[in-house]
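S.K.: after the sequence you'll find the predicted model.
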Amino acid sequence: MLLMLMAFLPVVFFMFFSNRSTQKKQKEMESKLKKGDRVVTQSGLVGKLVDPVEGRHAKLEIAPGVKVTILRTSIAGLDAEETTKSKDEPALAEKK
């Protein structure tokens, strides 16, 4: 019985701390979001934040004139294509 408990405890601790770390990263990412950022939702929608993220909801413009309200927690992160463009722009400007 003690052997089974010793095998089970590390799994429980790993699951607890892994989940806690994921929540911490999500909250940090949410706090950095601002109006005008291009974001990707968990469902795969890509759009621009119309309003600052406040409360439980965020407004996202997915096409010109098409605005949707989504849950703040459904934002997966910044659009990777947008972040690489902004990093490459100074290098392109220097070449000209």
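M.R.: Thanks, I have the structure now.
S.K.: and the longest helix anywhere in the chain, what does it pack onto?
M.R.: Taking DSSP state H as the criterion, the chain has its longest helix at helix 2-32. For helix 2-32, the elements it packs on are strand 75-78, judged by 3 or more C-beta pairs under 8 Å, 6 or more residues apart in numbering; DSSP states H and E. No exception for glycine: its C-beta is placed from N, CA and C like everyone else's.
S.K.: name the residues of the strand it packs on that are buried.
M.R.: Buried residues in strand 75-78, defined by neighbour count with 16 or more other C-beta atoms under 10 Å: 75, 77-78.
S.K.: dump these to TSV, plus pLDDT and distance to residue 48.
M.R.: Shown next, in TSV, are the buried residues of strand 75-78 (pLDDT from 0 to 100; distance: C-beta to C-beta, whole Å):
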residue	pLDDT	distance to residue 48
75	89	12
77	87	14
78	88	11
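S.K.: quickly name whichever of the residues you listed is closest to residue 1.
M.R.: Residue 1 has its nearest neighbour among these in residue 77, at 44.3 Å by C-beta to C-beta.
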